[in-house]
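Colleague: everything below, folded, please.
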Amino acid sequence: MGMRYWNQQKRQLAGQWYARACGLEPVVAEEKTRSALATVLDYNVMRVKGGAIGAVNGMQPDGGVDMSSTQSKEVWPGVTYAVAAAMVHEGMSEAAFRTAKGAHDAAWSKDGFGYAFQKPESWTEDGGYRALHYMRPLAIWAMHWALSPPELHKDLRTAPPEPGSPADAALGQEQFEKVASMLKLPEELPQRGYLWAIRRLLRQMVIS
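Modeller: The predicted structure follows:
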């Protein structure tokens, strides 16, 4: 296959990140995961403006940005933060913050692109962007989750609790119906034809 089909994609370990974030067993060997993430840092982050704009989606083996499509040449800040969170989960905190710093600085620093609170879905190394006010950059909270994972409230593998008594079930049904009645939309009046409208208009004219 041609070179364009071999590109270093920063999202290649999304499944591993999901598993770690959910407290599950890893799906990829840890040494292979860290090796792949180190390559993402080397290629997708540091080889584009010295890491100052985040992680580019796709990179070629020669270290150049994959220009074969619109998305491959872009930086998606939300995915950059997700990659950084994955690095935290794998014990690569320094690499994580070097990766995230570029996405932060590109949006917020005086030497960046000036997006600030209008952070878009994506940008390119020259500052071109798509879709301002995008939600995916909120993935920065995934870094917080990785750095300070919450304690699980219960073991999800335990058996479900025993069902409640019939009285409890009846009370629950009554409360449900009460809420449902408040949320019910009013019934619409049936549509009437134009003859009825004319008749009503003539009646009002006669009365007045």
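Colleague: what segments of this structure are helices?
Modeller: Using DSSP state H, the helices of the chain run over residues 14-21, 30-40, 77-89, 93-108, 140-147, 166-183, 194-207.
Colleague: can you name the residues that contact residue 69?
Modeller: residue 58 (CB atoms under 8 Å, 6 or more residues apart in numbering). C-beta here means a position set from N, CA and C on the backbone, and glycine is covered the same way.
Colleague: next one: it, what pLDDT does it get?
Modeller: You'll see residue 69 listed with a pLDDT of 91.
Colleague: for the remainder of this discussion, apply numbering that starts at 399.
Modeller: Understood, numbering begins at 399; the last thing we discussed is residue 467.
Colleague: may I ask which helix or strand of this structure has the lowest mean pLDDT?
Modeller: Sorted by mean pLDDT, DSSP states H and E, the helices and strands of the chain end with helix 564-581, the least confident at a mean of 65.
Colleague: which among the helices of the chain is found nearest to residue 464?
Modeller: Minimum separation from residue 464 across the helices of the chain (CB to CB) falls at helix 428-438, 13.3 Å.
Colleague: test my guess that residue 522 contacts residue 469.
Modeller: No: look at residue 522 against residue 469 with CB atoms under 8 Å: they stay out of range, at 10.6 Å.
Colleague: pick out whichever of those two has more residues nearby.
Modeller: Shown here are residue 522 and residue 469; by other CB atoms under 10 Å, residue 522 has more neighbours (18 against 13).
Colleague: do you know the pLDDT at that one?
Modeller: Predicted confidence (pLDDT) for residue 522: 95.
Colleague: same check on residue 517?
Modeller: Residue 517 is assigned 91 on the pLDDT scale.
Colleague: distance of it relative to residue 505?
Modeller: Distance, residue 517 to residue 505, using CB to CB, to the nearest Å: 5 Å.
Colleague: joint contacts of the two?
Modeller: 475, 535.
Colleague: okay but residue 449 is in contact with residue 441, surely?
Modeller: No: counting by CB under 8 Å, residue 449 stays clear of residue 441, with 11.0 Å between them.
Colleague: between those two, which one's more packed in?
Modeller: Higher neighbour count among residue 449 and residue 441: residue 441, with 24 against 19, using other CB under 10 Å.
Colleague: touching, that one and residue 462? I think so.
Modeller: No: between residue 441 and residue 462 there is no contact under CB under 8 Å: 9.6 Å.
Colleague: what sits closest to the most centrally placed residue in the chain if chain neighbours are left out?
Modeller: Of all residues in the chain, the one closest to the mean position by CA atoms, centre = their mean is residue 534, 4.1 Å from it. Distances taken as CB to CB, 6 or more residues apart in numbering place residue 476 nearest to residue 534, at 2.8 Å, with adjacent residues excluded.
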